[in-house]
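I would like to see how this sequence folds:
(one chain, ligands or ions: 1)
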Amino acid sequence: MGRFIILTLFLLAKFSAFQAHAGNEVRAPILKPSSPFSLALETLQKQIGYTFQSIGLLRRAMTHSSFSEENNKALSILGASIIETSVSLQYLKKDMEASAKDLNHRISEISQVESSCSVDAMRLGLQKVIRVSPKTNASTPAVVCGAFRAIFGAIAMDTGKSDDAGKVFWSVHGSEVGGAAAL
Ligand SMILES: *[C@@H]1O[C@H](CO)[C@@H](O)[C@H](O)[C@H]1NC(C)=O
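Residues are numbered from 1 along each chain as shown. Purely as a prediction, here's the structure:
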């Protein structure tokens, strides 16, 4: 009788170990990015040369307010402010004697929704990534530009530093300027 109980316990232990193992195998693929949106976020991270610790921030950055309550509006404001700071810093580093007028001009140039901002956004292909409601045109300058700015807000939130976001901005913006010059 004692031997039977031991055998039963042994078999039960083996069986549950097998189940746990099989369970892991079933769960694993779910952790991999498989939806088109997740795949697009993976590609986007490679394009900008930054990998998020918290991918949820990039998901949010790529979500327009027409799509859900959880959207990129606030991240976009933070991102715009990071871009302005970064541009001002670089401009004054080059020329501390620059006039306020020149600096303001440079800031408004880089912040223009219709030009600089949406050009950068379209080059990254954000119009194909951003989630919008069916009635919203994802290619409009305001939508892509908001998403573009939100990327930098999201990076700042991810690292807790606006510096890192500024660096990514320059690498993305700089390389795209290079691309335009090559055309
Ligand atoms: C969406 O917006 C873009 C840019 O403003 C425009 O060129 C395009 O025609 C629009 N598409 C639709 C379906 O309205």
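
find me the pLDDT at whatever residue of the chain ends up closest to the ligand, would you?
In the chain, the residue found nearest to the ligand is Asn137; the distance is 3.6 Å by C-beta to the nearest ligand atom. No exception for glycine: its C-beta is placed from N, CA and C like everyone else's. For Asn137, the model assigns a pLDDT of 97.

what does Gln112 give?
85.

same question for Phe18.
With respect to pLDDT, Phe18 has a value of 44.

over to Ser115?
Reading off the model, Ser115 has pLDDT 85.

who in this protein is up against the ligand?
Of all the residues in the chain, those in contact range of the ligand (C-beta under 6 Å from any ligand atom) are Asn137, Ser139, Thr140.

which among those gets closest to Tyr50?
Closest to Tyr50 out of the residues of the chain next to the ligand is Ser139 (24.0 Å), distances taken as C-beta to C-beta.

quick check, that closest one in a strand?
No. For Ser139, which was evaluated using DSSP: H, G, I helix; E, B strand; the rest coil, the result is coil, with no strand membership.

you'd agree it is up against Gln127?
Yes. In this structure, Ser139 is within contact of Gln127 by C-beta atoms under 8 Å, at 4.3 Å.

okay, and Glu84 sits in which element?
With secondary structure defined by DSSP states H and E, Glu84 is part of helix 73-94.
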